[in-house]
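A.B. asks: Provided below are the primary sequence and the corresponding predicted coordinates.
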Amino acid sequence: MTDTATSKEEQLQDSFSLRSPDQQQAEEAANVAPASELSIDEINPLNPHLMRDNRYHDYFARLRAEDPVHFNELETSGRYWSITKYDDVRAVDGDWKNFSSSKGISLGPPVGTIPENNRLMSFIAMDPPDQTQQRNTVRSVAAPKNLRNIEPLIRERTGAVLDALPEGETFDWVETVSIELTTQMLATLFDFPFEDRALLTRWSDVVFAIPEPGGVVESMEEKRDEMINCVTYFERLWEERRENPGDDLVSMLVHGEATRDHPTLAHLGNLLLLIVGGNDTTRNTMTGSVYGMNKFPEQYAKLKADPELIPKMVPEIIRWQTPLPYMRRTVNDDLEFGGKHMKKDDQVLMWYVSANRDEAMFENADAIDIDRHNADRHLSFGYGIHFCMGSRLAEMQLRVLWEEILNRFENVETQDEPERVFSSFVKGYTHLPVQVTRK
């Protein structure tokens, strides 16, 4: 890479300088009313306060029942639709010819606002054939053979982290367990300097952070500067791997036929996709599993009595947690969907977090049921050509974690409600106080 720091700043300016729809909602609706007090036209599930305050369920229940293809419009994003029923979400996700990924995967400014060459790109924000070619560059990292080879390392590290936990003391599960395990895994996949692995967590947190006083970042300028630091760091790794390639994700991107000649923003987009996909989603599901088992103690008791249920518990926790609430598509041409007229360039939000609680698909959907017969039909990993490449790795990490938990602890008990991420795109936890009791 030959970009100077100045040109990087210019390239990233458009991607990280505009006020986002999330940010507009955060500013305008901190005291958003309960769903029951709003007319259906007033409901906008995008508000990040709903996720942080865990108040989104009634919003989506209203939409599923009354207006499952729901229209909103904001100054910062223009026209967009919320798709909330299971079958409708799956239909949109599986139809890339009508609903494109190439204009972005999270709600953003109206199409055309950001010049194409100054927009972060990744293969999840592409359509075939480009999407297929770039995805194939890195997909081998999650091949069954590689997963079998890496499981002993995951188990060893998981055991070491759990063995170091204090007994009889309250500690933060997010920081001590979930972040540590996922960051170690990411560092391994990238062959990233282990002593700097905390940077991966930091960059993952920054990508979708909404600027606020005392938040992950306090301004869009700070966010942009952190991304410049990220790409500068990886540029050094890219140059190293050009000369000395390995089996890591950086080497795969640098030498892949479809990615080796990419400009800075294209590389950064793919790297951030892999960082967020391997960090945010897995760490929040790890935390959500502990929180969920404590919310449904009869299920926790059933699991402790029969650890053979862990493989059934894993997809059910992923359904219940749904670490990424939605993904966006963009309408290619005017069309009718769900009885509504969508216009070319309208943005469409597929709310996985709602589809996974659709009672038409999942009976008693708000509850965890580790015997649920169709838990693996969840949409947390998406559907169709963008189905999560790392799904099996995420499932394995969660399975190994709970196998090692049940081997060691009589109980992992939450001490208070968790603190949650301020975002409508990431459904996660910033703190979860727990205590452990060893066997």
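C.D. replies: That came through fine.
A.B. asks: which parts of the longest helix seen in the chain are buried?
C.D. replies: Identified as the longest helix of the chain according to DSSP state H is helix 264-295. Judged by neighbour count using 16 or more other CB atoms under 10 Å, the buried positions of helix 264-295 are 264-294. Every C-beta, even on glycine, is put in place using the N, C-alpha and C of the backbone.
A.B. asks: Check which element follows that helix along the chain.
C.D. replies: helix 297-305 (DSSP states H and E).
A.B. asks: Identify the residues contacting that following helix?
C.D. replies: Helix 297-305 has contacts (CB atoms under 8 Å, 6 or more residues apart in numbering) with 292-294, 309-310, 313, 368-371, 402, 406.
A.B. asks: Could you rerun that using 6 Å?
C.D. replies: Residues outside helix 297-305 that contact it (CB atoms under 6 Å, 6 or more residues apart in numbering): 293, 309, 313, 368, 370.
A.B. asks: chain center to it, what's the gap?
C.D. replies: Distance of helix 297-305 from its chain centroid, counting by CA atoms, centre = their mean, to the nearest Å, is 27 Å.
A.B. asks: Dump that helix to PDB, restricted to CA.
C.D. replies: Taking C-alpha atoms only, helix 297-305 is exported to PDB below (Å, rounded to 0.1, in the frame of the first residue of the first chain):
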ATOM      1  CA  PRO A 297     -33.000 -21.200  35.400                       C
ATOM      2  CA  GLU A 298     -35.100 -24.300  34.600                       C
ATOM      3  CA  GLN A 299     -33.200 -24.500  31.300                       C
ATOM      4  CA  TYR A 300     -29.900 -24.000  33.100                       C
ATOM      5  CA  ALA A 301     -30.800 -26.800  35.500                       C
ATOM      6  CA  LYS A 302     -31.700 -29.100  32.600                       C
ATOM      7  CA  LEU A 303     -28.400 -28.300  30.900                       C
ATOM      8  CA  LYS A 304     -26.400 -29.000  34.000                       C
ATOM      9  CA  ALA A 305     -28.200 -32.300  34.500                       C
END
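A.B. asks: So which bits of the helix or strand just after it are buried?
C.D. replies: Where DSSP H and E defines the elements, the next helix or strand beyond helix 297-305 is helix 310-321. Neighbour-count burial for helix 310-321 flags 310, 312-321 (criterion: 16+ other CB under 10 Å).
A.B. asks: Next up, the contacts around Lys344.
C.D. replies: 331, 333-334.
A.B. asks: Neighbour-wise, give me the winner out of the residues you listed.
C.D. replies: Ranked by neighbour count (other CB atoms under 10 Å), these have Val331 at the top, with 23 neighbours.
A.B. asks: Phi and psi next, for Gly104.
C.D. replies: phi 130, psi 160 (degrees, to the nearest 10).
A.B. asks: Share the number of residues neighbouring it, please.
C.D. replies: Residues near Gly104, counting by other CB under 10 Å, number 21.
A.B. asks: just Asp248 next, same as before
C.D. replies: 19.
A.B. asks: How about the one 3 residues further on?
C.D. replies: As a burial measure, the neighbour count of Ser251 was computed by other CB under 10 Å and equals 20.
A.B. asks: you'd agree it is up against Glu243?
C.D. replies: No. Applying CB atoms under 6 Å as the test, Ser251 and Glu243 come out as separate, 10.5 Å apart.
A.B. asks: could you dump the contacts of helix 297-305 to TSV with pLDDT and distance to Lys97?
C.D. replies: Output for the contacts of helix 297-305, formatted as TSV (pLDDT from 0 to 100; distance: CB to CB, whole Å):
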residue	pLDDT	distance to Lys97
Met293	98	41
Leu309	98	41
Met313	98	37
Ile368	98	37
Ile370	97	38
